[in-house]
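> Next comes the sequence, and after it the predicted model I'd like to discuss.
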Amino acid sequence: MFSKQPCKHKLVLYTEKAKPGVMQNRIVVLTGAGISAESGIKTFRDDDGLWKHYRFEEVASPEAWHKHPGDVLEFYNQRRKNVIEAEPNAAHMALVNLEDYFDVKIITQNVDDLHERAGSKDVIHLHGEIRKARSSNDPSLIYPVEGWELNMGDKAEDGSQLRPHVVWFGEPVPMFDIAIEMAREADILLIIGTSLNVYPAASIYQFAGKDVPKFYVDPEANKTVNIENLKIMKEKAGTAVPDLVTYLIDNFK
Ligand code: OAD
């Protein structure tokens with residue numbers, strides 16, 4: 001009976017399907033710890049940053065994992081607890097609004113999930129995801145962590161100790177090739193809340209075209225940074241990103 005009725009709903013769907021033919025500008029966003037600072041997650045290199053309290057060699061390296069895995073797990077347990085208790089802020093939310101007007105791809109150095117919890121649909125994590133664990137023998141065996149604790153004796157299905165699903169110093173960055181491709185296809189590039197100190201992430205903007213408009217939001221953004229077509233906003237992300245989003249919608253959509 002239903003199939004013989006003319007169906008308005010299908011007609012509407014057909015019209016909507018035609019929309020992707022209209023090209024949307026692609027905005028690629030590189031984020032760092034600064035975008036989550038106003039959510040209460042510490043950055044690494046600011047005055048009260050994590051690397052002022054811990055030596056990264058002692059908590060975020062394969063050598064540290066080999067020498068004292070329990071301490072490494074505890075360090076990341078505290079980070080995970082902090083992330084679970086945090087909420088996305090105005091900067092994360094504003095990037096979600098951009099998706100109504102642009103094809104938005106987020107490349108984050110952050111291991112938190114605040115972009116996803118805000119509602120961003122296309123996010124890659126260069127340095128891993130704190131709310132996941134993986135086998136210490138087989139990087140393809142990845143699991144969600146229930147709650148905030150990962151303990152010695154928690155095993156993957158291959159029998160190996162579970163480790164945080166994060167990238168440690170000296171380890172490969174498997175998502176980097178995907179990030180390069182994204183940057184190459186950017187029509188607009190945003191850099192938000194990163195000191196651009198850690199490679200290869202800090203080189204990503206170099207893969208965007210010279211003529212691509214670029215915006216760098218960070219209270220400590222370095223004016224000497226050598227990026228073509230760059231506008232610097234030396235402000236906190238929570239106020240600057242919503243303003244920048246409005247500007248982009250008004251001028252580039
Ligand atoms: P950093 O701690 O190096 O830099 C954080 C940046 O955020 C600084 O430039 C601050 O000025 C800026 N910032 C602080 N508060 C802000 C706010 N409210 N709004 C906007 N910006 C703000 O952190 P990342 O550059 O993300 O890697 O560090 C990169 C990597 O180094 C991390 O992913 C981590 C770390 O070691 C690993 O652990 C593998």
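Structure's in. What do you need?
> Is the spatially most central residue of the chain bridged to anything, and to what?
The geometric centre of the chain, computed from its C-alpha atoms, lies nearest to Thr108 (Cα atoms, centre = their mean), at 2.1 Å. Thr108 has these beta-bridge partners by DSSP bridges: Thr31, His125.
> now the helices for the chain?
Per DSSP state H, the chain carries helices over the ranges 8-18, 34-37, 50-53, 56-59, 62-67, 69-85, 90-98, 114-118, 176-184, 237-252.
> near the ligand, which residues of the stretch 51-200 of the chain?
Residues of the stretch 51-200 of the chain lying close to the ligand (Cβ under 6 Å from any ligand atom) are 56, 60, 109, 127, 167, 193-195, 197-198. Quick note: C-beta positions are derived from backbone N, CA and C, even for glycine.
> Dump these to TSV, plus distance to Asn82.
Formatted as TSV, those follow (distance: Cβ to Cβ, whole Å):
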residue	distance to Asn82
Phe56	17
Ala60	15
Gln109	16
His127	16
Val167	19
Gly193	16
Thr194	19
Ser195	20
Asn197	21
Val198	20
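> quick one: pLDDT of the closest residue to Ala186 other than its chain neighbours?
Excluding the flanking residues, the one nearest Ala186 by Cβ to Cβ, 6 or more residues apart in numbering is Val28, at 3.8 Å. Turning to Val28, the model gives it a pLDDT of 98.
> contacting residues for Val28?
Residues near Val28 by Cβ atoms under 8 Å, 6 or more residues apart in numbering: 105-107, 182-183, 185-186, 188-190, 208.
> which of the residues you listed are buried?
Buried residues within these, defined by neighbour count using 16 or more other Cβ atoms under 10 Å: 105-107, 182-183, 186, 188-190, 208.
> of all those, which two lie farthest apart?
Farthest pair in the buried ones among the contacts of Val28 (Cβ to Cβ) is Ile106 and Ala208. Separation: 14.5 Å.
> And Phe169, how far from Glu149?
For Phe169, the distance to Glu149 (Cβ to Cβ, to the nearest Å) stands at 24 Å.
> Oh, that last question was meant for Arg55, not what I typed.
Taking Cβ to Cβ as the measure, Arg55 falls 23 Å from Glu149.
> surely Pro144 meets Arg134?
No - between Pro144 and Arg134 there is no contact under Cβ atoms under 8 Å: 10.8 Å.
> neighbour count winner among the two?
Arg134 (20 against 9; other Cβ atoms under 10 Å).
> That one and Arg163 touch, don't they?
Yes - contact criterion Cβ under 8 Å: Arg134 and Arg163 qualify, at 6.2 Å.
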